[in-house]
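Visitor: Using only what follows, build the 3D model:
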Amino acid sequence: MGTGALPLGQQVHAVLAGSGYDAAQRHAADIGQPDLFERVQAVAFEEPIPSFLHSALCAMSLPVRRPADENAPIIREDGQYTLAITPRPVLQYVGGQQQMRVLGVPYGSLPRLVLIHIMSEAVRTKARTITLGSSFTDWMRRMGFRTISYGPRGSATLIRQQLDRLLACEWMIKWENRNERGDQEFAVKDVKLTNEYAGINGRNGGFSREIILTEGFFEHLREHAVPLDENAIRQLRDSATSLDLYTWLAYRLPRVSRQRPTLLSWPQLAVHFGNEGQNIRKFRQTIRDAWERQVSAVYPEARAEFDTSAIRLYGSPAPLQRRPLRLVASAGAAEPAPPPAPGRSESTFLAALKAELGESMAKVWLSTAVLEADEDGPILTLATAFSADFIRSRFSLELARAANAAGLVRLPELRGRSGQ
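Guide: Okay, the predicted model is just below:
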């Protein structure tokens, strides 16, 4: 079975599930992406760890880099949502004197990590008051930073600057619901993120340990929190674009119909990411690189196509629905895994494959499928040769995961019924 139709990260996942640890590591090296295996490995064998982000912040992103006018408000729109982020002046000590200063809007990967952490804690604790930590260093360690450095470009300095910017801004989410006739069902609502600024505080820059979410935002977050996998977030933490793409896909893909994909143009996607349609060619290359080398490695169930003309989204499980991979035989094991009982693995494989594809897709492609044992290995016989070719090219990862779940030593050969 070939893996060429898959993005690079999912290719490595498919090889890992079908052929094992060493083969996946070799494949990553062969395609010139040895670090890809590390990202795949970081999520493949681990239970997903729940993290959350408000759906509006998954649909609309912060600036990737420092804006030319960093004091100008940010306004993003996406369907029923409007996000407005407005820098406001805060009181700080400058040269021993208290002054009102506008810090500017947050940008880059760090404020994205902060928002995910804050909202994950709010959902987990079911409380509006978020305790960051006993100290700034303690909080950074809780966020997953292993190396904490100080100085002008140190990790602690940079994240504190972005935290201050983030909390000094007024965040407002506006949304409206409309019925099928287009009538507005209730008034447009405005929601602020926090009640008060809670960044650096005092003459010595002491750390403020708590953030209090507004009641309106907290209640809306509880209803509209998008599940993410903390293991994936850790692998993407250095790339704002990859974090945006991952959270956007985690929000969109579980909502896409399994029967009909969603089609987007590149200018439409650019609006979601705050690009406003400028330099679409460069934007397209950046997104495709993030998908191939980063996001597909940590979201193996995501089914999407980013070609030069358009983006196609297919119904996919949410990140927290992922199951950890269990290899048939570990690399370097003294003895191979015992063969499964005759007949049991065949029925288990079909059941697992149907679960991977989903009920509607399974009815279309697997309604007459039969898996049989052969001396050369299992054979999956489908209605037509076209069906076999389609499943082989479009569902290679699902095939690999089903084989792994059934304990098959090798992937089934796919065939169409004779004469069809």
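Visitor: for this protein, what helix or strand is lowest in average pLDDT?
Guide: strand 189-192 (a mean of 52; mean pLDDT, DSSP states H and E).
Visitor: and after the lengthiest helix in the chain, which helix or strand comes next?
Guide: Secondary structure assigned by DSSP state H gives helix 109-125 as the longest helix of the chain. Sequence-wise, the next helix or strand downstream of helix 109-125 (DSSP states H and E) is strand 129-131.
Visitor: If we go by neighbour counts, what in that next one is buried?
Guide: Counting neighbours by 16 or more other CB atoms under 10 Å, one finds that the buried residues in strand 129-131 are residue 130. The C-beta positions use only the backbone N, C-alpha and C, and glycine is treated the same way.
Visitor: and what of stretch 150-167?
Guide: By neighbour count with 16+ other CB under 10 Å, stretch 150-167 contains the buried residues 155, 156, 159, 160, 161, 162, 163, 164, 165, 166, 167.
Visitor: and what of stretch 224-239?
Guide: For stretch 224-239, a neighbour-count test (16+ other CB under 10 Å) marks 224-237, 239 as buried.
Visitor: Show me the strands in the stretch 301-420 of the chain, by range?
Guide: 303-306, 311-314, 370-372, 379-382, 413-416 (DSSP state E, counting those that start in this stretch).
Visitor: where's the strand or helix carrying residue 93 relative to the chain centroid, distance-wise?
Guide: Following DSSP H and E, one finds residue 93 within strand 89-94. Mean C-alpha position of strand 89-94 versus that of the full chain (CA atoms, centre = their mean, to the nearest Å) differs by 36 Å.
Visitor: rewinding a little: minimum distance to residue 38: which of the strands of the stretch 301-420 of the chain has it?
Guide: Closest to residue 38 of these, according to CB to CB: strand 303-306, at 22.4 Å.
Visitor: Parallel or antiparallel, list what pairs with that closest one.
Guide: strand 311-314 (antiparallel) (DSSP bridges).
Visitor: May I have the partner strand exported as PDB, CA atoms only?
Guide: C-alpha atoms of strand 311-314 as PDB (Å, rounded to 0.1, in the frame of the first residue of the first chain):
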ATOM      1  CA  ILE A 311      -8.900  23.700   0.200                       C
ATOM      2  CA  ARG A 312     -11.100  20.700   0.800                       C
ATOM      3  CA  LEU A 313     -12.200  19.700   4.300                       C
ATOM      4  CA  TYR A 314     -13.600  16.300   5.000                       C
END
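Visitor: going forward can the numbers begin at 512, since that is how I track them
Guide: From this message on, residue numbering opens at 512, which makes the last subject strand 822-825.
Visitor: What mean pLDDT does that strand get?
Guide: Across strand 822-825, the average pLDDT comes to 95.
Visitor: Find the nearest non-adjacent residue to residue 661, please.
Guide: Computed as CB to CB, 6 or more residues apart in numbering, the closest residue to residue 661 that is not its neighbour in sequence is residue 667, at 5.2 Å.
Visitor: Report the buried residues of the longest helix of the chain.
Guide: Residues of helix 620-636 classed as buried: 620-634 (neighbour count, 16+ other CB under 10 Å).
Visitor: ok, of those residues, which one's closest to residue 764?
Guide: residue 627 (18.0 Å).
Visitor: Need the per-residue pLDDT for that closest one.
Guide: On pLDDT, residue 627 comes in at 94.
Visitor: Pretty sure residue 561 is one of the things it touches, is it not?
Guide: No: look at residue 627 against residue 561 with CB atoms under 8 Å: they stay out of range, at 11.1 Å.
Visitor: Could you name every residue contacting both of the two?
Guide: Counting by CB atoms under 8 Å, 6 or more residues apart in numbering, the common neighbours of residue 627 and residue 561 are residue 739.
Visitor: tell me the contacts of the residue nearest the centre of the chain?
Guide: Nearest to the mean C-alpha position of the chain, by CA atoms, centre = their mean, lies residue 757 at 3.0 Å. Contacts for residue 757 (CB under 8 Å, 6+ apart) come out as 739, 743, 744, 747, 805, 806, 809, 810.
Visitor: What of residue 539?
Guide: 523, 545, 546, 547, 548, 551.
Visitor: now, which of those lie within helices?
Guide: Using DSSP H, the subset of the contacts of residue 539 located in helices is 523, 545, 546, 547, 548, 551.
Visitor: Count the neighbours of residue 611 for me.
Guide: Using other CB atoms under 10 Å, residue 611 is surrounded by 10 other residues.
Visitor: Surely it and residue 604 touch.
Guide: No: under the criterion of CB under 8 Å, residue 611 makes no contact with residue 604, lying 11.6 Å away.
Visitor: ok, residue 520 to residue 888 distance?
Guide: 27 Å (CB to CB, to the nearest Å).
Visitor: More neighbours: which of these two?
Guide: Higher neighbour count among residue 520 and residue 888: residue 520, with 26 against 12, using other CB under 10 Å.
Visitor: got a list of what the more buried one touches?
Guide: Counting by CB under 8 Å, 6+ apart, residue 520 makes contact with 547, 550, 551, 803, 804, 805, 806, 807, 808, 809, 811.
Visitor: now residue 836
Guide: 524, 527, 528, 555, 556, 912, 915.
Visitor: What sits closest to it if chain neighbours are left out?
Guide: The shortest distance from residue 836 to any non-neighbouring residue, by CB to CB, 6+ apart, is to residue 555 (4.4 Å).
Visitor: same deal with residue 651?
Guide: Once flanking residues are discounted, residue 651 sits nearest to residue 659: 5.3 Å by CB to CB, 6+ apart.
Visitor: Give me the phi and psi angles of residue 759.
Guide: Note on residue 759: its backbone torsions stand at phi -70, psi -40 [degrees, to the nearest 10].
Visitor: what's the nearest residue to it if we skip its chain neighbours?
Guide: Nearest non-adjacent residue to residue 759, counting by CB to CB, 6+ apart: residue 569, 5.7 Å away.
Visitor: Do I have it right that that neighbour meets residue 762?
Guide: Yes: between residue 569 and residue 762 there is a contact at 3.6 Å, judged by CB under 8 Å.
Visitor: Mutual contacts of the two, please.
Guide: Taking CB under 8 Å, 6+ apart as the contact rule, residue 569 and residue 762 both touch residue 737.
Visitor: which residues touch residue 637?
Guide: residue 733.
Visitor: separation between residue 751 and residue 835?
Guide: In this view, residue 751 and residue 835 are 28 Å apart by CB to CB.
Visitor: and if you look at residue 600?
Guide: Separation of residue 600 from residue 835 (CB to CB): 48 Å.
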